[in-house]
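> Provided below for reference: sequence and predicted model.
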Amino acid sequence: MTPEQVAASYDRIAEQWLDVSTYGFAQIERAVAFVKRKRFALDVGCGTGRCFDLLARHGLATDGIDVSPAMVALARHRHPTARLFQADICQWGLPRTYDLIVAWDSVWHVPLDWQAAVLAKLCRGLAAGGVIVFTTGGTDAPDERRDSHMGPPMYHATLGIPATLHVLAEAGCVCRHLEYDQYPESHVYLIAQKPESGQPEAGEGVRPRAVEAGDLPRMYEMQLDLEANRMAVTIPRSREAFDSHWAKVLGDAANTTRAVLLDGQVIGNISCFPADGQDHVGYWIDRAYWGRGIASRALELLLREVGKRPLVATAATGNGASLRVLQKCGFVIERVRHSPATERYPACEEAVLVLR
C-alpha cells in the first residue's frame, strides 16, 4: 500500500482515535528521562494529538505530522495552538531539529523500501543529545504485511532488528533501550540517542525581549547596511522615516515586536504584525551574525509566543537564506508574485509563504 492509501484507511476510522488512551505512555516517559534539554518535540504519526499533553507536561513544545487529513483535522480541533503538518513523512523535510522524536506505532506504515531512509532522516533531525523512541516489528529479517484487523485495509513493514540497529548506528545514534513490550507478540520499541557534540548549537544564547527606546539607535544603524538591504531587496529608511515607523509600531498593541539579543547584546529585531487583513512576521538580523542560526532560533521563539495561525511571510525569491529560515520553521511557499516598487522596496519577484 502507498502512504496515500494508508491515509485513506485512517481517514475512515479517525474518530475511533479520539479516546485519551495512555497506551505507550510509560515507554515514552522512559525515553523522556534520557532527554537533557526539554525544548522541542516531534510526534510522527501524531493522529489526534494523543501525546501532546503528556509531552507538554515535560515542558516540550510539540510539532505533529500525520499522513491522514482527518486525523490532522481532529488534532487541530483538540490542540488549536499546536503546529501541525499533514504530510507523508517519506517526502516531508523536518523544519528544525528536535530534542525528542516520538514515532509510536507509526513509521511501520512506511513502505519497506523507504523505512531505512525515513529512520535515518529522523535521526538526523535530532539535536545533539536528542532522543528518538519508536516501535517496529521484532523480526530477525525484513518483513511486510497487509491486513484488515482495524476494518479498512492496512499495511505494516519492518526492517527487522539487526537492520534497524544498523541504521541507527550509521546515523550516529546509540541504542539506549530495546524491549519486546508485548511479548510473545513481535512488537518492539526502541530508544536511541544522538551523542552530545561538544559544540554549541546553532542559535544558542539567543533571547527575545520587548523592544525598548534605547534599542532604536542600534536598530537604525543595522538597517543602513547596504549589503543586507541588497540581499533583502529593501531600501534603508532615513532617520525621520525610521523614527516615524517605529513610533507607530510600538504604539500599536496589535504588534508583537521583540529585540533579538545574543548574550545580552541587541543584534536584530523580529515582529508579528497585522497587514492587509492577515498576520505577518518579519525580522532583521545584523549581517555580522548571519550564518549562525540566529534568525531561525529567533523565529522559533516568536512562534512559540505567538499562537496566531495562519501567519504570512514574504521574501524576495533571490533571498535564499531568508527562504531557508522560513521553511525550516514550517512556512510553505504558496505563491510567487511580482512586487511593485515602493518607497521601502524595489520591484522584485516575491515569494509568499504561509504557516498554518
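In hand now; what should we look at? Predicted, not measured: the structure shown is a model, and the values here were computed from it.
> list the buried residues in stretch 168-176.
Buried residues in stretch 168-176, counted by 16 or more other CB atoms under 10 Å: L168, A171, C173, R176. Backbone N, C-alpha and C define where each C-beta goes, glycine included.
> tell me which stretches of the stretch 251-356 of the chain form strands.
With DSSP state E, counting those that start in this stretch, the ranges of strands along the stretch 251-356 of the chain come out as 256-262, 265-275, 278-285, 311-316, 332-339, 348-355.
> for A157, which of the ones you listed is the nearest?
Among the strands of the stretch 251-356 of the chain, strand 332-339 comes nearest to A157, with 28.6 Å by CB to CB.
> would you mind listing the buried residues in that closest one?
Buried residues in strand 332-339, counted by 16+ other CB under 10 Å: S339.
> now swap in stretch 131-140 and tell me
In stretch 131-140, counting by 16+ other CB under 10 Å, buried: V131, I132, V133, F134, T135, T136, G137, G138, T139.
> am I right that the last one is in contact with T158?
The reference is to T139. Yes - using CB atoms under 8 Å, T139 is in contact with T158, at 5.6 Å.
> distance of N319 relative to G125?
25 Å (CB to CB, to the nearest Å).
> picking up where we left off before, closest to I28 out of the buried residues of stretch 131-140?
V133 (5.9 Å).
> what's around the residue lying closest to that closest one once chain neighbours are set aside, how many residues?
Closest residue in space to V133, ignoring its immediate chain neighbours: A31 at 3.6 Å, by CB to CB, 6 or more residues apart in numbering. Applying other CB atoms under 10 Å, we find 23 residues neighbouring A31.
> tell me which element A31 is part of?
In this assignment (DSSP states H and E), A31 forms part of helix 25-32.
> quick check: buried residues in that helix?
Within helix 25-32, judged by 16+ other CB under 10 Å, the buried ones are Q27, I28, R30, A31, V32.
> tell me which residue of this structure is furthest from the middle?
Relative to the centre of the chain, and counting by CA atoms, centre = their mean, the farthest-placed residue is E240 at 38.8 Å.
> chain center to stretch 90-104, what's the gap?
Taking CA atoms, centre = their mean, to the nearest Å, one finds stretch 90-104 lying 7 Å from the centre of the chain it belongs to.
> where does the stretch 51-200 of the chain dip in pLDDT?
197-200 (pLDDT under 70).
> and W17, how many neighbours?
17.
> correct me if wrong: it contacts M71.
Yes - checked against CB under 8 Å, the pair W17 and M71 is within contact range at 6.9 Å.
> find residues that contact each of these two.
G47, T48 (CB atoms under 8 Å, 6 or more residues apart in numbering).
> can you get me a residue count around D105?
Around D105 there are 16 residues (other CB under 10 Å).
> residues in contact with it?
G24, G45, T135.
> helix or strand: which one has the last one?
What it means is T135. Under the assignment here (DSSP H and E), T135 is part of strand 126-137.
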